[in-house]
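Asks: Generate coordinates for the sequence data below:
(chains A, B and C)
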Amino acid sequence: MNGTPGDPTASSEARRMALYLVLGQVPAGKVISYGELAQLAGLGRAARWVGRTLSQLPGDTQLPWHRVLGAGGRLSLALGTPSGDEQRARLRAEGVTLHNNRVDMSRHGWRPMEHSG
DNA sequence: CGGAAGGCATTTT
DNA sequence: GAAAATGCCTTCC
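Replies: Numbering: from 1, shown residues only, chains lettered A, B, ... in the order given. The predicted model follows:
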């Protein structure tokens, strides 16, 4: 609940909508971190909230949640987990190069601001 | 010096 | 109060 007076933040539903919009802006073959995603969605440092929301997403969602990684392209999900294994499988399917538990941000790091920020 | 891996601190539900 | 799809800092190669 957003029953926190003093916080101009919108309802959790509004935050989730912003997250969907930003996440839908992520092109295939590119990746982004939870923190970046939260910041682009205007959520600030709610990186935890982003990860939690993605985990709440249904399997029927069309959102590319598998393009969301930890900071610096680090995989937060561990192998052995349904989501962790699927994320790596989907990323590789899009042409993303995986290094053990790291992604090549230099080649797949999404830059919504490009250079003219 | 640069990249990768692990640990501790922060935030949200 | 506890758990979790994280983030930044420090250390090793």
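Asks: Need the residues that contact stretch A:104-115.
Replies: A:25-27, A:29-32, A:36, A:40, A:67, A:72-73, A:96-97 (C-beta atoms under 8 Å, 6 or more residues apart in numbering). C-beta: built from backbone N, CA, C; applies to glycine.
Asks: tell me the secondary structure for the residue lying closest to residue A:83 once chain neighbours are set aside?
Replies: With sequence-adjacent residues excluded and distances taken as C-beta to C-beta, 6 or more residues apart in numbering, residue A:83 is closest to residue A:77, at 5.3 Å. Counting by DSSP: H, G, I helix; E, B strand; the rest coil, the backbone at residue A:77 sits in coil.
Asks: I'd like to know how many residues surround residue A:77.
Replies: Using other C-beta atoms under 10 Å, residue A:77 is surrounded by 20 other residues.
Asks: Tell me the confidence at it?
Replies: In this model, residue A:77 is scored at 92, pLDDT.
Asks: Kindly report the same for residue A:42.
Replies: On the pLDDT scale, residue A:42 gets 89.
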